[in-house]
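1. model this:
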Amino acid sequence: MEAKIYNQKGAEAGSITLPAKVFSAKWRSDLVHQVVEGMRSNKRAGTADTKGRGEVRGGGKKPWKQKGTGRARHGSSRSPIWVGGGVTHGPLAEKNYKRKITKSMRAQALFSVLSRKLKDGEIIFVDSLAPTDIKTKTAVDVMKNLAKATGVKTLGSSKKPKVLTALSGRSEKTEKSYRNLPQLDIVFLKNLNPYDVLNHQYLLIENPTESVKFLESRG
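-> Just a heads-up that it's a prediction; the model follows:
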């Protein structure tokens, strides 16, 4: 399978042969769902906590005597039916939301998502995004060139981050030049995961030769 590679001016800079196991994998909705939900669950802090009637302060004295007042009997003002009382069946911080996701599961889910994205024409390869100087204006021009070349208007302008940009490695010039563009979210290739890819409409991969080799090695 061949894919086009673009340069910063939007011109074709060659092509790349994509490995079948990464970009032609079968769509496995069950596995993708399991991995994505596991990642979402692992992000939960688990700090929500409420106090029961035995933990809230006060309420040791009986509000009024048992009989003779004409009112319903109560043993504590910290009962869950009272304002300021304890909470019934509320969340407890002791609950553990962690789920185990193996490396193999994560890799296969990522390959499945990448294959679907490529099939839908939502992956774009660019040889390099590194500018000569740290300038947001340069980054804006590059994205406009790519938008014109690919026909994807979202690359050029969008108020929401619809493009996930996968950088092959650390680059101060690239990061500082592109981080202010509202249509982009930047991630490093080693941290690429199905959750982030699915949360964006398009995926922009820099330095495809090395990036594809790295992705293939994850499986």
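2. Could you use CA atoms for every contact and neighbour count after this?
-> OK.
3. Break the protein down into its domains, please.
-> The domain map for the chain lists 2-44+98-218, 45-96, with the assignment taken from automatic domain parsing.
4. count of neighbours near K159?
-> Using other C-alpha atoms under 10 Å, K159 has 10 neighbouring residues.
5. Is the residue lying closest to it once chain neighbours are set aside in a helix, a strand, or coil?
-> Of all residues not flanking K159 in the chain, P182 sits nearest, at 5.6 Å (C-alpha to C-alpha, 6 or more residues apart in numbering). Here P182 is coil, with the state taken from DSSP: H, G, I helix; E, B strand; the rest coil.
6. ok, back up a step: need the domains of the chain in JSON lines with mean pLDDT, can you?
-> Listed next are these as JSON lines, based on pLDDT from 0 to 100:
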{"stretch": "domain 2-44+98-218", "mean pLDDT": "94"}
{"stretch": "domain 45-96", "mean pLDDT": "92"}
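7. which one of these is the most hemmed in?
-> domain 2-44+98-218 (a mean of 17; mean count of other C-alpha atoms under 10 Å).
8. I'd guessed K4 sits against G14; true?
-> Yes - using C-alpha atoms under 8 Å, K4 is in contact with G14, at 6.2 Å.
9. Next up, identify which helix or strand L203 is on.
-> strand 202-206 (DSSP states H and E).
10. chain center to that strand: distance?
-> On the basis of C-alpha atoms, centre = their mean, to the nearest Å, strand 202-206 sits 15 Å off its chain's mean C-alpha point.
11. The very next helix or strand once past it packs against which elements?
-> Next along the chain after strand 202-206, taking DSSP H and E as the criterion, comes helix 208-218. Under the contact definition 3 or more C-alpha pairs under 8 Å, 6 or more residues apart in numbering; DSSP states H and E, helix 208-218 sits against helix 20-23.
12. ok, 10 Å please
-> Counting contacts by 3 or more C-alpha pairs under 10 Å, 6 or more residues apart in numbering; DSSP states H and E, helix 208-218 packs against strand 2-6, strand 12-17, helix 20-23, helix 103-119, strand 123-126, strand 163-167, strand 202-206.
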